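Colleague: I would like to see how this sequence folds:
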Amino acid sequence: PSPKAFLNSLQEGVSLKGEGATAMDDLGVLIKHCLLQLKEKSEKSFTYLKYLAVCSDEGIEDKRFISWQAESEQVNEGAVKEELLCAHSQGILLIEKGTQEFFENETAFTRIRLHTDTLDIFREKIPDDMSYSLIEYLKHVLVDRDTEEKLDRLLQTQIYSLLNTYKKNTEIISDIYNTFFAHLYKTSNLQYVYELGEAMLETTNPEDDQERYQTIIGNQALILKAWGRLDEAMKLHKKKEEICEKVNKPLSLSICRWNIGLLYRDQKRHDEAIAMFESAIELREKLKSPDLEDDKKYLEEYRNTLDE
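Modeller: As a prediction, this is how the structure comes out:
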């Protein structure tokens, strides 16, 4: 295909690979040529596309990307928009409009993204600092946001994209997990946080880092419990309990036994639940836990409900 036809295909989001591409041995040659032309025209515009390649395959809302880059580089948003329009005029940047539905609410958005073949080229080598820049921006907007600000579910998908990109990278996955676990759990995005935990387990040797391992499996158990998969949750909590006893982690052990007690309660195994609650309270008394009185009150009320 001619360069003009190629640019048109990029704007339409249609891949030229496969059928219809036999006239060109290597589509990548033409894409790289177009990117080189853009780089010669504007180095900054080219750099913004590299940052865009860090985002999900579906791209990111234009307002979010512009805000991210403007904050990172301490420039005004108008300057970022101008560079993106330069890339769009070359046919490299795709601009799409869509809607997001969450329960009965529907929100319109404009999204920017790269063509799949262009993404493949940029993702051959993405500097880690670009990924950390996105992590920091997502932390600022999602984790550190004002509690009154509306949760951006669409932006949360960028966390999942980072997970898929770096699931074999121990350092980056750890940073993503530590940054976003509590946020995803509190906002009921359990599927994302569970898969993030599974990626953490794949990069963790339980023999070399038992502290990290017991923390992750304990969190995974909480998610399984929320899904009603009580037997699976119990297995993980029991494994955590065993590790905490072995490495002498009384605080983690008390939390684990309390959670086991809650599982027994849900399974209507009340005697075992009470035994676990008592064991957890005994440990917390030694630790002078600030929650001790609340825990004792909960146990007393639980016993009272059984006597009724």
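
Colleague: sticking with Thr110, tell me its helix or strand.
Modeller: strand 105-114 (DSSP states H and E).

Colleague: report the buried residues of that strand.
Modeller: Neighbour counts using 16 or more other CB atoms under 10 Å place 109, 111-114 of strand 105-114 among the buried residues. Placement of C-beta: from N, CA and C, glycine included.

Colleague: again with stretch 232-249
Modeller: Using 16+ other CB under 10 Å as the test for burial, stretch 232-249 gives 233-234, 236-237, 239-241, 243-244, 249.

Colleague: show me where pLDDT drops low in the chain?
Modeller: By pLDDT under 70, the low-scoring segments of the chain are 1-27, 100-105, 146-150, 308.

Colleague: quick one, strands of it?
Modeller: For the chain, the strands defined by DSSP state E occupy 60-61, 93-102, 105-114.

Colleague: list every C-alpha atom in the last one, with coordinates, as CSV.
Modeller: By that I understand strand 105-114. The C-alpha coordinates for strand 105-114 follow below in CSV (Å, rounded to 0.1, in the frame of the first residue of the first chain):
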residue,chain,number,x,y,z
ASN,A,105,-24.8,5.9,34.4
GLU,A,106,-23.3,6.6,31.0
THR,A,107,-20.3,8.9,30.5
ALA,A,108,-18.9,10.1,27.1
PHE,A,109,-15.2,10.3,26.6
THR,A,110,-12.5,10.9,24.0
ARG,A,111,-9.7,8.5,23.9
ILE,A,112,-6.3,8.6,22.2
ARG,A,113,-4.4,5.5,21.2
LEU,A,114,-1.8,4.0,18.9
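
Colleague: quote the end-to-end distance of stretch 223-233.
Modeller: Distance across stretch 223-233, first residue to last, is 8 Å (CA to CA, to the nearest Å).

Colleague: contact partners for Leu114?
Modeller: Each residue near Leu114 by CB atoms under 8 Å, 6 or more residues apart in numbering is listed here: 49, 52-53, 59, 92-94, 122.

Colleague: of the residues you listed, which is the most crowded?
Modeller: Leu93 (26 neighbours; other CB atoms under 10 Å).

Colleague: I'd like the distance between the closest residue to that one other than its chain neighbours and Leu155.
Modeller: Counting by CB to CB, 6 or more residues apart in numbering, Ala87 is the residue found nearest to Leu93 once chain neighbours are left out, at 4.0 Å. According to CB to CB, to the nearest Å, Ala87 and Leu155 sit 22 Å apart.

Colleague: neighbour count: these two, which is higher?
Modeller: Of the pair Ala87 and Leu155, Ala87 is the one with more neighbours under other CB under 10 Å, namely 24 against 15.

Colleague: go ahead and confirm the more buried one touches Tyr48.
Modeller: Yes - the pair Ala87 / Tyr48 is scored as a contact, 6.9 Å apart, by CB atoms under 8 Å.

Colleague: got the angle between the strand holding Thr110 and strand 93-102?
Modeller: Relative orientation of strand 105-114 and strand 93-102, computed by axes from the mean of the first three to the mean of the last three CA atoms, to 10 degrees: 160 degrees.

Colleague: closest to Pro206 out of the strands of the chain?
Modeller: strand 60-61 (36.0 Å; CB to CB).

Colleague: counting contacts, what elements does that closest one pack onto?
Modeller: strand 105-114, helix 153-166 (3 or more CB pairs under 8 Å, 6 or more residues apart in numbering; DSSP states H and E).

Colleague: let's see 10 Å
Modeller: helix 62-73, strand 105-114, helix 153-166 (3 or more CB pairs under 10 Å, 6 or more residues apart in numbering; DSSP states H and E).

Colleague: for these, which one sits closest to Ile126?
Modeller: helix 153-166 (7.9 Å).

Colleague: in JSON lines: the buried residues of strand 105-114, plus distance to Phe181.
Modeller: Below are the buried residues of strand 105-114 laid out as JSON lines (distance: CB to CB, whole Å):
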{"residue": "Phe109", "distance to Phe181": "26"}
{"residue": "Arg111", "distance to Phe181": "27"}
{"residue": "Ile112", "distance to Phe181": "29"}
{"residue": "Arg113", "distance to Phe181": "27"}
{"residue": "Leu114", "distance to Phe181": "29"}
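
Colleague: closest one of those to Lys286?
Modeller: Comparing the buried residues of strand 105-114 against Lys286 with CB to CB picks out Phe109 as the nearest, at 53.0 Å.

Colleague: just list the residues touching the closest residue to Ser42 other than its chain neighbours, thanks.
Modeller: Nearest residue to Ser42, sequence neighbours excluded (CB to CB, 6+ apart): Cys86, at 5.1 Å. Contacts for Cys86 (CB atoms under 10 Å, 6 or more residues apart in numbering) come out as 38, 41-42, 44-46, 48, 92-93.
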